Structures are given as C-alpha cells and as structure tokens.
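Participant: Okay, sequence plus prediction incoming.
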Amino acid sequence: MRSVFTYTNFRKYLKDYYREQKKANPEFSHRWLVSKVGLTTSNYFLSIMEGKRNLPSDVSLRLTRHLGLTRKETLYFEYMVAYVQSKTGFEKKEYLSRMADLNPGRRKKKR
C-alpha cells in the first residue's frame, strides 16, 4: 500500500487500506474493523469512507493504532482528518501546511 504521506484525503486512504486488506484476506470486513477499534455500529467506517459521517479524534487515534502507523504517520493522519473535516479555508490551509511539513517526500524550499 502507498505511504500515508502520499494522501491528502483520509477517506481515500481508508478506502485504499480497506481494498488492500480485503484483497489479502477475503474475510476482512467493515464489521471486523469496527470490532477491532472497539465500536459496535457495523457500517461506521463505511459511512466515514463515504463522507456521510466524520471521524472523531478518539476513534481516529484507536484506528491509527490498528493501522500500525508510526507517531509521525499518526500525526500526519490526524492533520489529514482535520484538513478534510475543516469548515473554513483558513483551517484547511493551516492543516495542509502542517501535513506538508511532516511529509518526508516534500522538497524543502531553499531560503
């Protein structure tokens, strides 16, 4: 699977993660993922991936632990969630900037 740093939309990242897991293990399901994160609503992540529901920060942290993300990747994922769910252009710009600062593939500007 592609690195989390190649994404700017956490919903797309989760869709790709789900697709990869399903390909590797046909028994993998939304219900299984929900149970691993400690929730009970079986379509919870499907609703998030489809943009019908936002991803709360407490659930996001539990999810990143399950995804096996490093601390830096987790922080990037959290900024990505905040970016996508931001209400204002100012907030979006701020979180996009934070994501760019964490991205190891980003070329640093010379000053």
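Facilitator: Ah, there it is.
Participant: Figure out how far the helix or strand where Lys72 lies is from the centre of its chain.
Facilitator: When elements are assigned from DSSP states H and E, Lys72 belongs to helix 71-85. Centroid separation for helix 71-85 versus its chain: 7 Å, with C-alpha atoms, centre = their mean, to the nearest Å.
Participant: and Asp27, what pLDDT?
Facilitator: Just so we're on the same page, residue 27 is Glu rather than Asp. For Glu27, the model assigns a pLDDT of 92.
Participant: Now do the helices in this structure.
Facilitator: 10-24, 30-37, 44-49, 57-67, 71-85, 89-102 (DSSP state H).
Participant: on contacts alone, who are the packing partners of the fifth one?
Facilitator: Spelled out, that is helix 71-85. When contacts are defined as 3 or more C-beta pairs under 8 Å, 6 or more residues apart in numbering; DSSP states H and E, helix 71-85 packs onto helix 10-24, helix 57-67, helix 89-102. Backbone N, C-alpha and C define where each C-beta goes, glycine included.
Participant: And the first one, what's buried?
Facilitator: Put plainly, it is helix 10-24. 10-11, 13-18, 21 (16 or more other C-beta atoms under 10 Å).
Participant: Cheers, nothing more for now.
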